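Engineer: what's the 3D shape of this:
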Amino acid sequence: MRLLGSCGDAPEGAHFQAFRLSMFDDPFGVGARLLPPPLPGLASSSAIRSGFVVAIPVRDEEERLPACLGALARQRDRFGLSIPPTLVRIVVFANNCRDRSASLARRLGESWSLNVRVMEAYLPPAAAHAGNARGTAMDIAEAWLAEQGETHGVILTTDADSQVAPNWIAENLAAFEAGAEAVLGRIDLDGEGKFLPDALHRRGELEDTYEGLLTELSWLLDPLEHNPWPHHATISGASLGITRTAYCRVGRLPRVPLGEDKALIASLSSQDARIRYCPTIHVTTSARTKGRAPGGVADTLRARSRDPQAHCDEALEPFSTAFARASWRGRLRRLHGAGSLALDQASARDLEISAGQVEEIGKASTFGAAWSVIEDRSSLFARRLLRPDELPAQISIARRSLARLRDGGSAARQHVETKSRIPVRSLDDACRSNSFDEEGDSLVAT
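Structural biologist: Numbering: from 1, shown residues only. Sure thing, here's the model as predicted:
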């Protein structure tokens with residue numbers, strides 16, 4: 001089978017052999033009656049209209065699928081009014097299932113008046129991974145939008161072991177209406193998290209705290225109009241949305257075995273897409289330690305439960321590196337916006353990049369593409385993974401430094417907030433105005 005939409009042919013890897021699980025078509029299946037029908041309400045008065053499709057990859061999830069679909073059946077708009085379930089179009093891509101997930105999705109959709117399309121397929125072992133599963137689900141969703149002529153439609157995606165908040169659809173659509181081309185939500189663990197080791201909970205609190213501080217640092221030094229403060233920095237397929245136009249423009253979801261969500265956001269960033277990390281969008285996902293996708297949340301939780309000192313995510317880097325990264329990125333972005341992103345010899349030396357790489361940067365058509373080259377080539381931004389026992393010290397450094405930045409204000413932030421014409425200093429001067437003194441953990445003039 002081949003999926004077609006207005007983007008053109010589906011990418012390699014979207015071909016699969018379909019088969020029916022007719023043996024499961026009669027009963028409702030396990031868990032179908034665990035949830036009551038959607039709540040009654042003034043559905044006809046909802047401000048939500050069609051124009052979106054939710055894509056859900058599924059593999060042996062009959063136990064959790066009722067809660068997932070039930071949450072989508074109980075959506076409300078921003079006025080608290082029920083969204084008619086008939087407006088909620090859902091693609092369930094049931095791949096390599098050995099249970100009744102597909103049959104159950106059909107029955108629940110019919111029972112709750114959800115507009116559900118279930119596709120069943122067997123992916124060969126080499127292709128049976130998260131990137132292909134989510135990518136196929138999203139491709140089917142895109143084709144559905146194309147079929148209805150919804151050029152400006154939106155593809156939302158979540159996971160079968162997750163439950164979206166009651167305002168998930170409404171908050172996503174509001175972010176798109178405000179101009180976003182991609183939207184990401186926050187992820188929380190469900191009640192199973194209470195069975196995880198106490199040390200893992202303490203570690204999680206430290207990681208959340210430090211991530212929040214690094215996110216604020218990025219906003220202070222490299223603010224973006226389309227992603228105002230407050231916002232988060234979580235990238236997860238459990239809560240991800242993208243316009244159909246942007247999805248086609250970047251060549252659809254990268255079919256990588258692991259980290260397909262981050263790969264998509266990287267592709268969008270390289271094209272200067274407007275990405276919103278919305279703090280009002282929440283999804284609760286399973287805290288189980290035996291998952292379906294290798295390298296996913298379940299594997300991470302299991303590995304960290306076994307090894308409390310396992311490395312943190314690469315985004316949680318030493319504050320000195322994070323400061324340099326955000327500072328350079330913000331200054332270079334402003335120069336690019338002013339039409340003068342041309343690295344001179346001194347700047348190339350400071351960034352520790354070669355003349356050939358400077359030429360490559362100069363050919364980039366977008367700032368995101370140029371920054372991708374700089375970030376990849378410069379040793380200043382080499383990733384060093386932190387261990388959990390390093391986090392308290394890094395948090396202390398970050399808090400003191402951010403206090404100084406807040407008190408002093410940020411020229412970059414003021415530029416975005418006032419949209420005034422602030423003269424841009426030469427790159428040489430701009431990048432030497434402030435630096436981070438790691439020994440004294442403070443900002444110093446140089």
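Engineer: so which residues of the stretch 151-300 of the chain form helices?
Structural biologist: Remark: helices assigned in the stretch 151-300 of the chain by DSSP state H, counting those that start in this stretch are 168-177, 198-221, 244-249, 260-270, 297-306.
Engineer: now the fourth one: mean pLDDT?
Structural biologist: So that's helix 260-270. Mean pLDDT, computed over helix 260-270, is 97.
Engineer: may I have the one helix or strand A67 maps to exported as PDB, CA atoms only?
Structural biologist: According to DSSP states H and E, A67 maps onto helix 65-73. Below are the C-alpha coordinates for helix 65-73, written out as PDB (Å, rounded to 0.1, in the frame of the first residue of the first chain):
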ATOM      1  CA  LEU A  65      -6.300   2.800  24.400                       C
ATOM      2  CA  PRO A  66      -9.700   3.400  26.000                       C
ATOM      3  CA  ALA A  67      -8.300   6.200  28.300                       C
ATOM      4  CA  CYS A  68      -6.400   7.700  25.300                       C
ATOM      5  CA  LEU A  69      -9.500   7.900  23.000                       C
ATOM      6  CA  GLY A  70     -11.800   8.700  25.900                       C
ATOM      7  CA  ALA A  71      -9.700  11.900  26.600                       C
ATOM      8  CA  LEU A  72     -10.100  12.900  23.000                       C
ATOM      9  CA  ALA A  73     -13.900  12.300  23.200                       C
END
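Engineer: show me what the helix or strand just after that helix is packed up against.
Structural biologist: As assigned by DSSP H and E, the chain's next helix or strand after helix 65-73 is strand 89-95. Packing contacts for strand 89-95, counted by 3 or more Cβ pairs under 8 Å, 6 or more residues apart in numbering; DSSP states H and E, involve strand 52-58, helix 101-111, strand 115-121, helix 130-147. Heads up, the C-betas are built off the backbone N, CA and C, glycines and all.
Engineer: highest mean neighbour count out of the helices of the stretch 151-300 of the chain?
Structural biologist: Across the helices of the stretch 151-300 of the chain, averaging neighbours per residue (mean count of other Cβ atoms under 10 Å) puts helix 168-177 on top, at a mean of 22.
Engineer: gap between that helix and the chain center?
Structural biologist: 15 Å (Cα atoms, centre = their mean, to the nearest Å).
Engineer: could you export the helices of the stretch 151-300 of the chain as a markdown table, including distance to S286?
Structural biologist: What follows is those, written out as a markdown table (distance: least, Cβ to Cβ, whole Å):
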| stretch | distance to S286 |
| --- | --- |
| helix 168-177 | 16 |
| helix 198-221 | 15 |
| helix 244-249 | 26 |
| helix 260-270 | 16 |
| helix 297-306 | 7 |
